[in-house]
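# just a sequence and a predicted model for now, questions to come.
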Amino acid sequence: MRSARWARILGGLALAAASAGCDQFKKGFDQGFNESFSKKAHDSCVSSSTAHGATPVIAERFCTCVVTQLAPLSPQQKMGLNPTSPELKRAQDSCLAELNQPGAPTNSI
């Protein structure tokens, strides 16, 4: 009887340790993914913006703003983004409005 009890206790501890390991892995994955997403999204945005006539300064401001707006999304939400995603459209519209405020450098994106 005692050995069965200890087996259940040890099994529970092993499960808890494995779960903690999974949580740690997920946190590490999420952090790595978010960093990679931010860099790649930013660089792609700057490249596209400048190709469409924005100055590098304006493209940098706009793309930094968009990436910042998307930062709160989960990695799964970010993986699902595409050019017509409502989240991306909201971020772009918000950043365009910010750039078009009085006193902001002028140049169309």
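Great, that's in hand. Numbering: from 1, shown residues only.
# E60 is in contact with D43, isn't it?
No - E60 lies out of contact with D43 (C-beta atoms under 8 Å); the separation is 10.6 Å. In short, each C-beta sits where N, CA and C put it, glycine included.
# neighbour count winner among those two?
Applying other C-beta atoms under 10 Å to E60 and D43 shows that E60 carries more neighbours, namely 16 against 12.
# tell me the pLDDT at that one?
Note on E60: pLDDT of 97.
# so what's it up against?
Going by C-beta atoms under 8 Å, 6 or more residues apart in numbering, E60 touches V46.
# quick one: what helix or strand has it in it?
Secondary structure from DSSP states H and E places E60 in helix 56-70.
# kindly export that helix (C-alpha atoms) in PDB.
C-alpha atoms of helix 56-70 as PDB (Å, rounded to 0.1, in the frame of the first residue of the first chain):
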ATOM      1  CA  PRO A  56      13.000  56.000 -44.900                       C
ATOM      2  CA  VAL A  57      12.200  58.300 -41.900                       C
ATOM      3  CA  ILE A  58       8.400  58.100 -42.400                       C
ATOM      4  CA  ALA A  59       8.600  54.300 -43.100                       C
ATOM      5  CA  GLU A  60      10.500  53.800 -39.900                       C
ATOM      6  CA  ARG A  61       8.000  55.700 -37.800                       C
ATOM      7  CA  PHE A  62       5.000  54.100 -39.400                       C
ATOM      8  CA  CYS A  63       6.400  50.500 -39.200                       C
ATOM      9  CA  THR A  64       7.600  50.900 -35.600                       C
ATOM     10  CA  CYS A  65       4.100  52.200 -34.800                       C
ATOM     11  CA  VAL A  66       2.400  49.200 -36.500                       C
ATOM     12  CA  VAL A  67       4.700  46.600 -34.800                       C
ATOM     13  CA  THR A  68       4.000  48.300 -31.400                       C
ATOM     14  CA  GLN A  69       0.300  48.200 -32.100                       C
ATOM     15  CA  LEU A  70       0.500  44.400 -32.900                       C
END
